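J.: Have a look at this prediction, sequence included:
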Amino acid sequence: MNNTVIIWIVLPALLGLALVLIQRQTKLSAVLGSLIPFVLTVLAVVFSKGLTLLVLGRYFILVDSLVIFGRTIQITADQLGIIALLYFLCFAWNLLSGLFKVGHWFNSLSLIITALWVSVQFINPFLYSAVVIELIALVSVPLLSPRGTPARSGVIRFLSMQTLAMPLILISGWMVSGIETSPSAEAIILRGSLLVIAGFSLWAGIFPIHSWLPMLTEESHPWIISFLQTIMQISLAIFFLKFLNQYAWLRNLEEIKLVLKWIGALCIISAGTMVVFQKKLSRILGYLYLSGTGYIVLSMAFQQQGWLDVLSLYLLPCVFAYWSLGYALSLLREALGSEQIDFSELSGLIWRYPLISVLLLCSLLNIIGMPLFSLFPSHRIIWSILASESLTIRLLISIGLLGMITMVLRVLGMMVQPPEVTDQDKKEKPVFIVPVVLIVLLMVLSGLFPQIFSAPIQSLLISFQNLLL
Amino acid sequence: MILFAILGVLFLGSLLIMILHSYRPNTARSWVIAMITALIAWVASFVLRLYLPTQVNLITWFPGTIFKESLGFEVDYLNWPYMVAVLSMSVAALLTDTTRSDPGITPYSWAQTISITGLNLIAILAANPLTMAIAWMVTDLVELLTLVRLSKAAELGSKIVSFFSIRILSTFMLTIAASVAWQGQPFAGFEVMQPNTSLFFLIAAGLRLGVFPLNLPFLDSPELRWGAGTLFRLTPAASALVLIAHLPAGLTIFNQNLVNIVQILTLIAAFYSSLMWLTRKTNYEARLYWMVTLSAYAIQSALNGNPEASRVWGLALLLSGSLLFLFNPPIRRIRFLPMLGLLGFIGLPYTLAASGWEGLVQETLKFTSVIMIISHAFLVLGYIRHIIGAESTVTGLEKYARITFPLGLVTLIQTILVLGLVGWPGVLTIGDLRGSLGSLSLVLIGLLIGWQFGFRVEMDVLSQKIPFYRLISVVFNFFRKALSLSWVPGLVKRVYTPVAGLAGFFSQILEGDGGILWSLVFLLILSILFLAPGLR
């Protein structure tokens, strides 16, 4: 038990399996599903200063590595910040899971998935991570396609893409050894880089291989898909940083920055353009993830002074933005009794469900990076850096942004239209006022004082020493 | 300290009214609280004049990095007059509300009046574009929620969306402008607005003022006509005007052709709006054109390289405008009071707007200057016409209302006078006599013609007496329709439907049975395009 790998990977995975046994007792499962990741987050924060802790005159010393099947998993104190973020994410989603009809599997599988994502970050050699990511995709299936319902096209497409990505990363892994022994082999470097980029593109679902994103968000419960996508986006971003940190040939390749810029810009413009024409809120969520991927990739492309800080500043507000939007959409889904939340169902929403409407509107404004809200400070930095970029990239991103604003205005337009149903009475429970006010307040406060989110994660990416400029 | 006291008093007063009125409704008590609150803030704003310029840093974002930015307030000679003007309008609105019996005038509307004033003050006093963008967003969201609450029957839906669209676009443009202006080093104030980016800032301000495009959704709800409604429409313009006043003088250095286009558009906006202002039947109908004309003057001043001159036109928009619009009910006996509002924008030597001519009339009298002088004369004539048209007599007024109503108007008049004397160093000036005397001459001619017509613009009479009336009316109707942008929704719908079909088709291809293969094909095409020389 005095091993970091056991505490933050093996134990939570086992506890997740144990939760499967009590999944019928939903309340207990939800409480434990929240408590376990919370404790793990606290422990990760406590040990992040050093793996030795003095309690009541007794030293607790943790060992930082474990060998499993001949492969080493190593978690040092520097890296515990990342683990804290991932388990906090798991805690945040489990905390409110009891409010929605997310199925019995959510608490247990979310814990297992988090443990697996943690393991992805720390397995050596890294190519085994590709196998674990495939495993995560498979473990997600019971959440995305509950028992008794046929697997829908989005899930199958998601599995296909994740499976296609695996061999690319595996091949790149085998190539890496060749590159390291002959660093001047330019052709191998290019091929290796291409495979890495292609693999990550398939995993993250960048344009134009993003089709599974809106399909999956359309078919799944917003609370489930927002958890799966958020943890995936954040984990993949950190995993890619690990690549950049570990391999100088990849980091120093000039073309990689250019490719990342274009990938980011294309993700933002395609999401911004497609989102304007959507007729279902559930699909909009998918395009928001595509745009979010674009911003993360863009922030990685500009490797100038302090860029890692920008990325770490982006991550926690980003998690919060997805969490609040997932909450708003889940509330709306339950309130309207609609699975996909068609635009036509939103008419007169602001009079029928004023609190949910305010939360939805603020969440959308937040996620597109408008001033006052929590994502604005980091988005603004990215826009400022872009000012020195080529006109084409600036134009693409501006169009993408305008598309997002248009989408928010369309949603607002539907909300304030006279409802098609004759019943305009307020149907909302007054109890919602507390969480809605708290969430909006936190959104605004963290938009005004970015330190609220940036202070706890300041040293999040400190372990990537080679990337610190 | 005084600054925080002003903002604190306004927000606390608003909160107090709402809490007390929810528990123990008492209209008189609520009005007294609102009045005391606004008065304290108003008087304190004059005290602040002794401490100009003052800067207060609130928060520093990302200290120690190249992305360091600050949120803060600054009071200087550019925004202090706007601050006083907005607070005066708040006091005047509360005082004149005592005479009205509109259903929308309630203790909550008074709470709104002072809270909206407070929020707009944050935007007016913003020390940099970043603070201003945040303040704009807060104000817009609060106004959006207020409008939604007022339009209970949902009949204002599309107008609310138009209102919010233009506002959010202006905030977006301001944010983008501030980002583009960032030069890779921390900035503290409006000095970030360099000539090469100032056109973006100008567009942001223009959008908010309703000049680009020439449109402001006109909300017909009776609750929004007077009092709080006047503040709702006029005060948000104040911060946009402050932004214009902060623009660098060398704006014309940046892409002269683009500047010329904007200048012509502004000129058209000013001329057309002043003519509409003159010819509309009621001042309620004409209010939009008052705003657009004076905003166009402010923008024109900036384009002519004299952004500081925009200040007087902005103040005229707020003070003389609210003096006329708050003159409701329009009591015939006291119509000399709003007439004094002319002092705020007539531009004669040693009046408040005397220094404004420097922004409109260039050193060598050009065609644009002549158009501006004519437009100004229309504006003055329209103002006089709308006051002369006020003919109602009100009976049965409460005793206190006989004092409070004129007192509200006097508050605005005295603010015009005080600002005309001590608003900023050099406010007392002769100004450009070509502008002031030219406009005055035209006004006198106009008055003579008006006297002939009995100060009534009857369409039958006009059609008989004006040559080519039918042709002129066709041209004006075309302009009116084009500039009202009523055709935009139709056009958007016509474009949206086929494009949406195309987007849907694209989605179907990607999400259909062969979607994975199609995705890979598109990826390949993109890669080839990317690798092609010259396309990167």
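T.: That came in fine, so what should we check first?
J.: May I see the buried residues of whatever helix or strand A:G294 lives in?
T.: Element membership for A:G294 (DSSP states H and E) is helix A:281-301. Buried positions in helix A:281-301, judged by neighbour count with 16 or more other CB atoms under 10 Å in any protein chain shown: A:281-301. Heads up, the C-betas are built off the backbone N, CA and C, glycines and all.
J.: Now whatever residue of the stretch 351-500 of chain B ends up closest to chain A: which helix or strand?
T.: Nearest residue of the stretch 351-500 of chain B to chain A, counting by CB to the nearest CB: B:A500, 4.4 Å away. When elements are assigned from DSSP H and E, B:A500 belongs to helix B:488-511.
J.: got it, and B:N57?
T.: Going by DSSP H and E, B:N57 is in strand B:54-61.
J.: name the helices or strands packed onto that strand?
T.: helix B:2-23, strand B:69-75 (3 or more CB pairs under 8 Å, 6 or more residues apart in numbering or on different chains; DSSP states H and E).
J.: what about the helices in the stretch 51-200 of chain B?
T.: Counting by DSSP state H, counting those that start in this stretch, the stretch 51-200 of chain B has helices at residues B:80-96, B:107-124, B:129-150, B:157-181, B:198-209.
J.: For B:E358, find the nearest of these.
T.: B:E358 sits nearest to helix B:80-96 of all the helices of the stretch 51-200 of chain B, at 16.4 Å, using CB to CB.
J.: about what we covered before: isn't the residue of the stretch 351-500 of chain B closest to chain A right up against A:F277?
T.: Yes: B:A500 is within contact range of A:F277, at 4.4 Å (criterion: CB atoms under 8 Å).
J.: which intervals of the chain have sub-threshold pLDDT?
T.: This is for chain A. By pLDDT under 70, the weakly predicted segments of chain A are A:1, A:177-184, A:304-306, A:419-426, A:456, A:458, A:468-469.
J.: Chain B is the one I meant
T.: Along chain B, segments meeting pLDDT under 70 span B:151-156, B:183-188, B:192, B:211-228, B:250-255, B:392-396, B:453-467, B:483-485, B:532-536.
J.: Domain ranges for it, per the record?
T.: Following automatic domain parsing, one gets these domains for chain B: B:2-455, B:458-486, B:492-531.
J.: Tell me which of those domains sits most buried.
T.: Greatest average neighbour count among those goes to domain B:2-455 (a mean of 20), per mean count of other CB atoms under 10 Å in any protein chain shown.
J.: how far does that one sit from the chain's center?
T.: For domain B:2-455, the separation from the chain centroid amounts to 5 Å (computed by CA atoms, centre = their mean, to the nearest Å).
J.: roughly how far apart are A:T217 and A:N107?
T.: For A:T217, the distance to A:N107 equals 21 Å [CB to CB, to the nearest Å].
J.: ignore the last one, A:S34
T.: Distance of A:S34 to A:N107, given as CB to CB: 8 Å.
J.: Overlap in contacts, these two.
T.: Jointly contacting A:S34 and A:N107 under the rule CB atoms under 8 Å, 6 or more residues apart in numbering or on different chains are A:N94, A:S97.
J.: Look at those two and report which has more neighbours.
T.: A:N107 (29 against 21; other CB atoms under 10 Å in any protein chain shown).
J.: Who's the closest spatial neighbour of the more buried one, skipping the chain neighbours?
T.: A:G33 (3.0 Å; CB to CB, 6 or more residues apart in numbering or on different chains).
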